[in-house]
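Asks: Next one to model:
(one chain, ligands or ions: 1)
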Amino acid sequence: MAKYIFVTGGVTSSLGKGIISASLAKLLQARGLTVTIQKFDPYINVDPGTLNPYEHGECFVTEDGAETDLDLGHYERFLNIFTTQANNVTTGKIYQTVINKEREGAYLGKTVQVIPHITDEIKRRMKLLGNNGYDIVITEIGGTVGDIESLPFIEAVRQLQWELPDEDCLVVHLTLVPYLKAAKELKTKPTQHSVKLMSENGVHPDIIVCRTERPLSPEIRRKIALFCNVKQEAVIEAADAPTIYEVPLAMMREKLDVICLKKLNITQFKEPDLTAWKEFLDKLKYPKSKVNIGLIGKYIELQDAYKSILEAFVHAGAINECKVEVINIHSEFITPENVEEKMASLDALLVAPGFGHRGIDGKITAVKYARERGLPFFGICLGMQMAVIEFARNILGLANAHSTEMNPDTPYPVIDLMEEQKKITDKGGTMRLGSYDCEILPNSLASKIYGKEGITERHRHRWEFNNSYLADFEKAGMVASGKNPESTLVEIIEIPGHPFFIGVQYHPELKSTVENPHPIFVHFIKAAKEYAEKKNAVKNPLLQSEMI
Ligand code: GLN
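Replies: Okay, here's the model as predicted:
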């Protein structure tokens, strides 16, 4: 029988519920328990696949092809597990199920209502993963307590708290304890109000996790405990951390896991084994070298739009004992005139995934620079497609070669809509999504990186390399080094004569975790390090002669 932990948020959004949930899960996992995390989002979109990054940051894709909230990325990176369709539920999904059932006549003439029909469906989904043999299912409730739209979720938690045995259910409430400079004091009132709001909805938190810029004094902890009706040991300090990967250790120091185990009456557990995690943190904190990686995209002002890519850099940097400084470069403002200046400080270049035509010319210009200068290049999805277009235009001489996504009338559609996409009109959940097989060409850069011939990677796209041009590309020096064995879709391209030039149609960033950094990112950082060393040697001839 699984036990359930619910994580709610109060006072404001962006307190890091996802990281707290993932950190708690990590600690319980390190104690030998099997844990999974799911996220319940109160918005009406069926999934975040149709939301643009300004609205919702990155869309994280699972192995089984669900387009989900970016918090699922944190869960996977922390726990080194795969999540599934079932791990992200939205109000849209809940209503869709209930309305479909109503149309089937499943409610036998009853009036269909928020309570009990919507809340029953929420509860059913909250308990779904509990049937899969996990010891603990953590459920993060999106939004902030008090939002109208999250009310049915809070009500479902209330009902489960009432239905389940006391020791099978636990509520953690994450709140903000702000520091008021003028008063020189931490303030507990917002927390008191947010717990009061929850109590009005019938839910009583067992543990209060306080985000704070300053340490919580015993007096503050006592005050929060008294007014929020929890034990003092259940008031947890979550101070701002230099990296999200420190949070599990901070939560361990605060004994968050121990308090949960006690409340859930779990007696079978071991001392937490976080050896690999701590080794990773050590390498992250004390790098021996540094590289500048240019991230070319059109959402670079948004931290969350390229979340998984940025985290994959952190993992790959740590294993290389190298600090990865990401230089965000807006693709819309790159021109042939300024590209040299914009790229001068870089040791490698990553062209990001994306949709639509904005910033396309800048991306193509950046790829050309990397190809011609021997600058390590890594293109992901749209980034790979840009590399193909650049090669077609500048090496194959196919003027105005393009993707039919940006120019449906291009004379040379080197990137074209996939056959099975041509009949599709609905936008939601209809891309080529999830994990697909890829066969790697022996003796290629890809085979050196992966060290095996068969891999699987996750996808999210509609367009593909147009195979009718493949022979021309290969003759001219761009090779397809990874293909889907069934459809022969090109999944990886590379330029063998270049120090490091690789483009992938899939999203490797989605599979990089702390304990399993993605091999392409690892090799990419390695190539950037080598590039930086050579650049410095040229800058410093004395060093160069010493090296000789
Ligand atoms: N827009 C491109 C396509 O749909 C690339 C998608 C992406 O980068 N994820 O094929």
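Asks: hey, let's count contacts and neighbours off CA atoms from now on
Replies: OK.
Asks: give the contact list for the residue nearest the centre of the chain.
Replies: Centrality entry for the chain: nearest residue to the mean C-alpha point is G73, 3.4 Å, by CA atoms, centre = their mean. Going by CA atoms under 8 Å, 6 or more residues apart in numbering, G73 touches F60, S308, L510.
Asks: Could you rerun that using 7 Å?
Replies: Under the criterion of CA atoms under 7 Å, 6 or more residues apart in numbering, the contact list for G73 reads F60, S308.
Asks: Check the burial of the closest residue to Q421 other than its chain neighbours by counting its neighbours.
Replies: Once flanking residues are discounted, Q421 sits nearest to R462: 6.4 Å by CA to CA, 6 or more residues apart in numbering. Using other CA atoms under 10 Å, R462 has 18 other residues around it.
Asks: what does G482 give?
Replies: As a burial measure, G482 scores 27 neighbours (other CA under 10 Å).
Asks: Do I have it right that it meets I492?
Replies: Yes. Counting by CA atoms under 7 Å, I492 is a contact partner of G482 at 4.5 Å.
Asks: near the ligand, which residues of this protein?
Replies: Proximity of the chain to the ligand is confined to P353, G354, F355, C381, L382, R460, H461, R462, W463 under the rule CA under 6 Å from any ligand atom.
Asks: Now with 5 Å, please.
Replies: P353, G354, F355, C381, L382, H461, R462, W463 (CA under 5 Å from any ligand atom).
Asks: So among those, which ones count as buried?
Replies: For those, a neighbour count by 16 or more other CA atoms under 10 Å gives the buried set as P353, G354, C381, L382, H461, R462, W463.
Asks: what's the distance between H459 and A532?
Replies: 31 Å (CA to CA, to the nearest Å).
Asks: what's the answer for N467, then?
Replies: In terms of CA to CA, N467 sits 36 Å off from A532.
Asks: Also H498?
Replies: 16 Å.
Asks: When these two are compared, which one has more neighbours?
Replies: The residue with more neighbours, out of H498 and A532, is A532; 21 against 18, by other CA under 10 Å.
Asks: what's the spacing between the more buried one and A312?
Replies: Going from A532 to A312 by CA to CA gives 20 Å.
Asks: for stretch 362-379, what is the average pLDDT?
Replies: Per-residue pLDDT over stretch 362-379 has a mean of 97.
Asks: do the same with stretch 251-269
Replies: 96.
Asks: which residues touch that stretch?
Replies: By CA under 7 Å, 6+ apart, the residues outside stretch 251-269 that reach it are L24, L27, L28, R31, G32, E167, D168, C169, A234, I236, E237.
Asks: repeat that with 6 Å
Replies: By CA atoms under 6 Å, 6 or more residues apart in numbering, the residues outside stretch 251-269 that reach it are R31, E167, D168.
Asks: Ok, stretch 13-24 next?
Replies: D71, Y75, P248.
Asks: Not including adjacent chain positions, what is the nearest residue to the residue in the stretch 251-400 of the chain positioned nearest to the ligand?
Replies: Going by CA to the nearest ligand atom, the ligand is nearest to P353 of the stretch 251-400 of the chain, at 3.3 Å. Using CA to CA, 6+ apart and skipping residues adjacent in sequence, the residue nearest P353 is L382, 4.5 Å away.
Asks: Assess the claim that the one you found and F355 are in contact.
Replies: No. Look at L382 against F355 with CA atoms under 6 Å: they stay out of range, at 7.3 Å.
Asks: which SS class is V324?
Replies: Three-state assignment for V324 (DSSP: H, G, I helix; E, B strand; the rest coil): strand.
Asks: For it, name its beta-bridge partners.
Replies: Residues found in beta-bridge contact with V324 (criterion: DSSP bridges) are V291.
Asks: which ones are touching it?
Replies: Counting by CA under 6 Å, 6+ apart, V324 has contacts K290, V291, G317.
Asks: pLDDT and neighbour count added to these, as CSV?
Replies: Below are those laid out as CSV (pLDDT from 0 to 100; neighbours: other CA atoms under 10 Å):
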residue, pLDDT, neighbour count
K290, 97, 18
V291, 97, 24
G317, 98, 27
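Asks: element containing Q29?
Replies: Here Q29 sits within helix 17-30, counting by DSSP states H and E.
Asks: right, and the helix or strand after that helix?
Replies: Counting by DSSP H and E, the next helix or strand C-terminal to helix 17-30 is strand 35-41.
Asks: what's that following strand in contact with?
Replies: N87, N88, V89, T90, Y134, I136, V137, I138, T139, E140, I141, G142.
Asks: Give me the average confidence score over it.
Replies: On average, strand 35-41 scores 96.
Asks: just stretch 209-218 next, same as before
Replies: So the average pLDDT for stretch 209-218 ends up being 96.
Asks: now the end-to-end length of that stretch.
Replies: 15 Å.
Asks: Would you double-check that R458 falls in a strand?
Replies: Yes. Assigned with three-state DSSP, R458 falls within a strand.
Asks: Mind listing what's buried along the helix ranked longest in the chain?
Replies: Identified as the longest helix of the chain according to DSSP state H is helix 519-539. Within helix 519-539, the residues that count as buried by 16+ other CA under 10 Å are 519-533, 537.
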